[in-house]
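[1] Here is a sequence with its predicted model. Questions after.
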2 protein chains.
Amino acid sequence: MATKRLLKYSLLSTVGIGSFLAGSYYEKNNNSIVCKPCLPIFGTVSAAVPFTTSPQTTSSNASRISQIMKYGFPGMDHVRSFDDFVLSYDRKTRVAHWVFEHLTAENTKKNDGVDRALCDFKPDESIHSYFRSENSDYKRSGYDRGHLAAAGNHKGHQKHCDQTFYLSNMAPQVGVGFNRDSWNRLERYVRKLTNTYPNVYCCTGPLYLPKKEGDGKKYVRYEVIGEKNVAVPTHFFKVLVMETSDGHLEMESFVMPNQVIDNEVPLTSFQVPPESIERAAGLLFFDNVSRSKISKINGKKQ
Amino acid sequence: MATKRLLKYSLLSTVGIGSFLAGSYYEKNNNSIVCKPCLPIFGTVSAAVPFTTSPQTTSSNASRISQIMKYGFPGMDHVRSFDDFVLSYDRKTRVAHWVFEHLTAENTKKNDGVDRALCDFKPDESIHSYFRSENSDYKRSGYDRGHLAAAGNHKGHQKHCDQTFYLSNMAPQVGVGFNRDSWNRLERYVRKLTNTYPNVYCCTGPLYLPKKEGDGKKYVRYEVIGEKNVAVPTHFFKVLVMETSDGHLEMESFVMPNQVIDNEVPLTSFQVPPESIERAAGLLFFDNVSRSKISKINGKKQ
């Protein structure tokens, strides 16, 4: 009976009484498959459906997606294509696996008509209700709704900026000292790279890293917030590929712990080998290009 | 600097020195897409490739797969089709998301020529080396290599039984008191259902359930073992759909904690509403059939 009690206790927070049949409607009724040239076949039927609140996929945004994803998809689980970024949603953690952006000096330039204050954080209705994070999950959690694709990268059009505010593009982040400070510093660094490189490809996502505990064993441990149990990542990564004007590729990859970080710590101290992130995240980055073709990784000639 | 040390520490267990470029070969060179009628499009290019050590997909095993998956795929991440079961692999945890079987009195009958002692636990070479669990990960971990698709369900052919021993079909399970006792009791119960129902569809997988800790917050916490950090699930589920001989459908769903369980605890005490498992696992079970068409769930008329 102790076993039974333990079981009920463990399940308690994941059982949603009264919502037994709710939610299966959406994904069942959006099962058209779109196979376009240059676009890989998406991970789920619903993933191939253009974002619900957006207009139908046009050949121009299909070509924007293949531009963003030029060097390969890190994984194919529940891929959602927005107008100016692409994400893969993890239904188990309610946080994206990864978000992909293609940045240039031109497309990161702020258009005077675009106002971030007009953007609202909103649930992503394309995600099944069981797995969709809500504003209420973040409320009083102590965490910011932290952008994965940074709003500051999408200020050329109001709609692009608006779309970065879908909660599928958010993760619970420590506010002061992380989201509003060092993580923002990293985002600004990435944006500034577009002054040096004509094309910057940026993949951002969460990590849930193991730690050795007192008993000598390794454990993954992370908080979950709200009714939907949205995971609070222990760390976040950014993996970048930059095209140089003379046709070379360079790579940089960063991991930052989701905690207060001293603003004086240089960004280079967060650089790690990209394969360490791949192993931890279960993803393969820029898989369409052989690593031997990359001339520099984290500033070091290969 | 403290931040830097912490970061390096957290990453330590996931960084594999010297394996930087290893492993990307396989998935890049197996990118043919197979689209067959009745089969959904798989989640990744490699998922659509027939299992490497098996012969090429034939029309007979393609039809077996659509038979097994008759009521829908719970998810589409890295799907692998074996001859008598189908699995979806989670590259982040190195444990399957789910394993699907179709059981009948006929196909679960032991063929005298089939010997479980001839089967070897072996790594699944179809999984990228970064994410592939190895026998060495389990060694001295204290956990059994516990089958998700039970070997005992596939004793009609030696090859079917052999394939259940791929490590992609294993999860770290507590041995005495769980894998060898109550979990086995549940597996035998499922097999016995084929005496009552002409067709039994069985989906099995791991859960990583949150628990409220002393600070009043909810945390997911699980051990990871070996160099590859194979996750030790906190619980396992089985979700079943049975076809009755008069054409009705019944459903049963179980969650068991991955710990010593008293053999006297009745199996019915592990029954939970299927949607509680869906929410926790990030999956949708038997999604091709409306729940309103299911006449009984966990023994209760709907």
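    Looks like it came in fine. Being a predicted model, the structure only gives us computed values, none of them experimental.
[2] Okay, buried residues for stretch A:127-141 please.
    By 16 or more other C-beta atoms under 10 Å in any protein chain shown, the buried positions in stretch A:127-141 come out as A:127, A:128, A:129, A:130, A:131, A:132, A:133, A:134, A:137, A:138, A:141. No exception for glycine: its C-beta is placed from N, CA and C like everyone else's.
[3] and it with chain B, contact?
    Yes: against chain B, stretch A:127-141 shows contacts by C-beta under 8 Å from any C-beta of the partner chain at A:128, A:130, A:131.
[4] Looking at the residues you listed, spot the one nearest chain B.
    Among these, residue A:130 lies closest to chain B (C-beta to the nearest C-beta), at 4.9 Å.
[5] circling back: which ones among the residues of stretch A:127-141 next to chain B are found in strands?
    Per DSSP state E, strands hold no members of these.
[6] Just flag the most distant two among the buried residues of stretch A:127-141.
    A:128 and A:141 (21.9 Å; C-beta to C-beta).
[7] Pipe the residues of stretch A:127-141 next to chain B into a markdown table and attach pLDDT per row.
    Formatted as a markdown table, the residues of stretch A:127-141 next to chain B follow (pLDDT from 0 to 100):
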| residue | pLDDT |
| --- | --- |
| A:128 | 97 |
| A:130 | 98 |
| A:131 | 98 |
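[8] Turn the residues you listed into TSV, columns for distance to residue B:72.
    Putting those into TSV (distance: C-beta to C-beta, whole Å) gives the following:
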residue	distance to residue B:72
A:128	13
A:130	15
A:131	16
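[9] per-residue pLDDT, the residue of the stretch 151-300 of chain A found nearest chain B?
    Here the residue of the stretch 151-300 of chain A nearest chain B is residue A:282; by C-beta to the nearest C-beta that distance is 3.3 Å. Looking at residue A:282, its pLDDT stands at 98.
[10] surely it meets residue B:131?
    Yes: Residue A:282 is in contact with residue B:131 according to C-beta atoms under 8 Å; the separation is 5.7 Å.
[11] any common contacting residues for the two?
    By C-beta atoms under 8 Å, 6 or more residues apart in numbering or on different chains, residue A:282 and residue B:131 have these common neighbours: B:91, B:92.
[12] Domain ranges for chain A, per the record?
    Split into domains by automatic domain parsing, chain A comes to A:1-30, A:39-301.
[13] Pick the most deeply packed of the ones you listed.
    Burial of those is given as mean neighbour count (mean count of other C-beta atoms under 10 Å in any protein chain shown); domain A:39-301 ranks first at a mean of 19.
[14] what's the offset of that one from the middle of its chain?
    Relative to the chain's own centre, domain A:39-301 is displaced by 3 Å; criterion: C-alpha atoms, centre = their mean, to the nearest Å.
[15] quick one: low-confidence parts of the stretch 1-150 of chain A?
    Residues of the stretch 1-150 of chain A that meet the criterion pLDDT under 70 lie in A:1-60.
[16] Apply 50 and report the result again.
    Across the stretch 1-150 of chain A, the ranges flagged by pLDDT under 50 are A:1-56.
[17] in it, which spans are helices?
    For the stretch 1-150 of chain A, applying DSSP state H, counting those that start in this stretch gives helices covering A:2-12, A:24-28, A:59-68, A:135-138.
[18] For the last one, give me every contacting residue.
    Contacts made with helix A:135-138 from outside it, assessed by C-beta under 8 Å, 6+ apart, are listed as A:94, A:121-123, A:144-145, A:167, A:170, A:172, A:225-228, A:230.
[19] Spell out which two among those residues are the most distant pair, please.
    A:144 and A:227 (18.7 Å).
[20] Can you give me every residue that contacts the closest residue to residue A:175 other than its chain neighbours?
    What sits nearest to residue A:175 in space, not counting adjacent residues and going by C-beta to C-beta, 6 or more residues apart in numbering or on different chains, is residue A:144, at 4.2 Å. Residue A:144 makes contacts with A:138, A:172, A:173, A:174, A:175, A:179, A:180, as judged by C-beta under 8 Å, 6+ apart.
[21] Spit out the contact partners of the last one.
    Residues in contact with residue A:180, defined by C-beta under 8 Å, 6+ apart, are residue A:144.
[22] Tell me how far residue A:83 lies from residue A:124.
    Noted for residue A:83: a distance of 14 Å to residue A:124, by C-beta to C-beta, to the nearest Å.
[23] next one: residue A:247
    From residue A:247 to residue A:124 the distance is 37 Å (C-beta to C-beta).
[24] Equivalent analysis for residue A:84, please.
    Residue A:84 is 15 Å from residue A:124, where distance means C-beta to C-beta.
[25] Say whether chain B is contacted by stretch A:240-248.
    No: Stretch A:240-248 stays clear of chain B (C-beta under 8 Å from any C-beta), getting no nearer than 14.8 Å.
[26] end-to-end on that stretch?
    Chord length of stretch A:240-248, first to last residue, is 14 Å (C-alpha to C-alpha, to the nearest Å).
[27] And the strands in the stretch 1-150 of chain A, which stretches?
    For the stretch 1-150 of chain A, applying DSSP state E, counting those that start in this stretch gives strands covering A:79-81, A:86-90, A:95-103, A:144-147.
[28] continuing past the helix or strand residue A:237 falls within, what's the next helix or strand?
    Following DSSP states H and E, one finds residue A:237 within strand A:235-243. Next in sequence after strand A:235-243, counting helices and strands by DSSP H and E, comes strand A:249-257.
[29] Could you list every helix and strand in contact with the following helix or strand past that next one?
    For strand A:249-257, the following helix or strand on the C-terminal side (DSSP H and E) is helix A:274-281. Helix A:274-281 sits against strand A:199-207, strand A:235-243, strand A:249-257, with contacts defined as 3 or more C-beta pairs under 8 Å, 6 or more residues apart in numbering or on different chains; DSSP states H and E.
[30] Out of these, which is closest to residue B:110?
    strand A:199-207 (45.1 Å).
[31] The closest one vs strand A:235-243, what angle?
    Orientation of strand A:199-207 against strand A:235-243 (axes from the mean of the first three to the mean of the last three C-alpha atoms, to 10 degrees) gives an angle of 160 degrees.
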